[in-house]
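In: Structure of the sequence below:
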Amino acid sequence: IMPKGGQTAEFHTVTIESPETLVQRFKAGANSLKQMGFKQAVTYSESPAFVKMAKDTGLPVKVTKGMQTISGQQKPVYQFMLDL
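Out: Here you go, the predicted model:
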């Protein structure tokens, strides 16, 4: 979790857990970030699988497409934003 100024937290997921487990962890993580005083959570992923997981949480996650520099190269990504 990286504070991004103001009340926004950026987070990234690296795991070998199942998508079902990740959905539950994302919901718990959103609650934790809210309790920590953050008002927004953001992240990005190259994988479309994360779009489905975001929807499966039932949370009001906004998903957009954009570009992100990864390992020095601009790559297309899915961007996720959640107001807590």
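
In: what does stretch 37-46 contact?
Out: Here stretch 37-46 makes contact (Cβ atoms under 8 Å, 6 or more residues apart in numbering) with 3-4, 6-13, 29-30, 33, 66, 68, 70, 75-84. For glycine as for every other residue, the C-beta is placed from the backbone atoms N, C-alpha and C.

In: any idea how far that stretch is from the chain center?
Out: For stretch 37-46, the distance from its own C-alpha centre to the chain's C-alpha centre is 5 Å (Cα atoms, centre = their mean, to the nearest Å).

In: Check stretch 4-12 too.
Out: 10 Å.

In: Break down this structure into its helices, ranges please.
Out: Using DSSP state H, the helices of the chain run over residues 19-35, 49-56.

In: so can I have TSV of those helices showing mean neighbour count, mean pLDDT and distance to residue 42?
Out: What follows is the helices of the chain, written out as TSV (neighbours: other Cβ atoms under 10 Å; pLDDT from 0 to 100; distance: least, Cβ to Cβ, whole Å):
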stretch	mean neighbour count	mean pLDDT	distance to residue 42
helix 19-35	15	94	11
helix 49-56	16	94	12
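
In: Redo these as a markdown table? Include distance to residue 43.
Out: Conversion of the helices of the chain to a markdown table gives the following (distance: least, Cβ to Cβ, whole Å):
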| stretch | distance to residue 43 |
| --- | --- |
| helix 19-35 | 10 |
| helix 49-56 | 8 |
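
In: Which of these sits closest to residue 62?
Out: Using Cβ to Cβ as the measure, helix 49-56 is the one of these that comes nearest residue 62, at 9.2 Å.
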